[in-house]
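Q: dropping a prediction and its sequence here:
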Amino acid sequence: MAAADRAIRARLPLVDLVLEVRDARVPATSAFELLHRRSPEEPDVRLLVALNKADLADKSETEKWVAFMKQRGCSCIAVNSHSRGSINELLNAVRGRIREIKLGVSDCTGTVLLVGIPNVGKSAIINAMHQIGRIGAAEKGKLKHATVSSHPGETRDISGYKVASHPNIYVLDTPGVLSPIFANDESGPRLVLTGAIKDSLVEEYEIAQFLLTVLNLRTECREWENLNLDGDKSSFADAIPTRSCHTKRQYSSDHTQDFIVRAVRQALSETIASFQGDLGNENDLRRLVEIQFTHLQNAFRISAETTLSSSFTSSITNSSRTTISTSNEAKAANGSASENSRLVIAILLSVRPNVLLSLRSDG
Ligand SMILES: Nc1nc2c(ncn2[C@@H]2O[C@H](COP(=O)(O)OP(=O)(O)OP(=O)(O)O)[C@@H](O)[C@H]2O)c(=O)[nH]1
């Protein structure tokens, strides 16, 4: 990443336009720090921000973000790289900006540097632009494709792709670069949940607590009442796989997965229904998360070795800085990771789809 960071920095002054790709679910957390390091209040006039994966984000939140960015003097567009119409809009925006910048130059050539943190969809965007862009069929056949992968860090080199003619536009795809310093305690879980970093880089219980907090502030879990649990409870612990960085999650059957999801949902809806506190109050919310953690530990017959990180829920409004390495050190010191992994996997199974639809409080 350090080499990629240097290479991007060297090219930044040379290009006509910088296309910053962010994840529409977490537009603040996925900001490309290198661009905003020097003058966060004054965005580069050559900057165009694409909030990609808009299909997975809350539409109204994305619209607010686009308006907010524009208000700050930064061009911004919501994108779904899997949609032809959306990529066409992006191409038009890029073409329009290049024409503005190259005003008066006939038959000009524009260069665009595509940057962003890992896994936000840079390569997917470039491939789609290259496919849809108006370039000769012969040129399309000759050009290579960028590697698209669900794993972060697949793009390793900077490569150029032609995406339009009249004006000719070349886009440089770059490797994802992420600052090793998290902006706040919630950045890690957000980046894990949106796939920008590997799950193993953040402590399991931090992810679990984050998910529980997000869930408690949403309304879905109130609708999870009256779920029937059938099956053998004693098989829960065996049914939930332990996790390591290199093993993929496997479930013995869909039935087991459904069963776990329902058990988690029931535990959460019960705790919320019987909770007397105010969810808008930070201390009350922390108390509820602790109760739910205990409830889930009981439901899954997990020993209560690990207490919740008391700093977690207060970090919702906290802007203390946490580094990835600090998180890893803490993880190494925590001997009960496997017990927690089981619990977290169960919770993730239950709530990941809800959370992915909207991480509303980002930024
Ligand atoms: N739902 C959805 N998925 C997308 C979208 N764009 C990309 N993806 C998926 O996101 C994952 C990452 O896409 P890439 O294009 O490889 O991301 P990248 O930013 O180039 O990743 P690095 O190589 O880590 O820098 C892939 O699984 C894509 O299919 C989108 O608009 N919507």
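A: That came through, no problem. Residues are numbered from 1 along each chain as shown.
Q: closest residue of the stretch 151-300 of the chain to the ligand?
A: In the stretch 151-300 of the chain, the residue that lies nearest the ligand is residue 176 (2.9 Å; CB to the nearest ligand atom). The C-beta positions use only the backbone N, C-alpha and C, and glycine is treated the same way.
Q: low-confidence ranges in the protein?
A: Within the chain, the segments meeting pLDDT under 70 span 38-43, 104, 106, 134-146, 152-156, 182-184, 219-258, 302-363.
Q: can we see that at 50?
A: Low-confidence segments of the chain (pLDDT under 50): 229-254, 306-336, 356, 360-361.
Q: who in it is up against the ligand?
A: 52-53, 55-56, 80-82, 116, 118-124, 148-150, 152-155, 175-176 (CB under 6 Å from any ligand atom).
Q: of the residues you listed, which belong to helices?
A: Mapping the residues of the chain next to the ligand onto helices (DSSP state H) picks out 122-124.
Q: out of those residues, which is most surrounded?
A: When neighbours are taken as other CB atoms under 10 Å, the top entry among those is residue 122 (27 neighbours).
Q: from residue 20, how far out is that residue?
A: From residue 122 across to residue 20, the span is 10 Å (CB to CB, to the nearest Å).
Q: and if you look at residue 189?
A: The spacing between residue 189 and residue 20, counted by CB to CB, is 23 Å.
Q: what residues does stretch 1-17 touch?
A: Applying CB atoms under 8 Å, 6 or more residues apart in numbering, the contact partners of stretch 1-17 are 18, 34, 46-48, 94, 97-98, 101-102, 110-113, 115, 158, 172, 174-178.
Q: tell me where the stretch 151-300 of the chain has strands.
A: 159-164, 168-173, 181-182 (DSSP state E, counting those that start in this stretch).
Q: now the ones you listed as a markdown table including distance to residue 208 and mean neighbour count?
A: Below are those laid out as a markdown table (distance: least, CB to CB, whole Å; neighbours: other CB atoms under 10 Å):
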| stretch | distance to residue 208 | mean neighbour count |
| --- | --- | --- |
| strand 159-164 | 39 | 20 |
| strand 168-173 | 35 | 21 |
| strand 181-182 | 18 | 18 |
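Q: closest to residue 195 out of the ones you listed?
A: Among the strands of the stretch 151-300 of the chain, strand 181-182 comes nearest to residue 195, with 16.1 Å by CB to CB.
Q: in space, what's closest to the residue of the stretch 1-150 of the chain at minimum distance from the ligand - neighbours in sequence excluded?
A: In the stretch 1-150 of the chain, the residue that lies nearest the ligand is residue 121 (2.9 Å; CB to the nearest ligand atom). In space, and not counting its chain neighbours, residue 121 is closest to residue 52: 4.2 Å by CB to CB, 6 or more residues apart in numbering.
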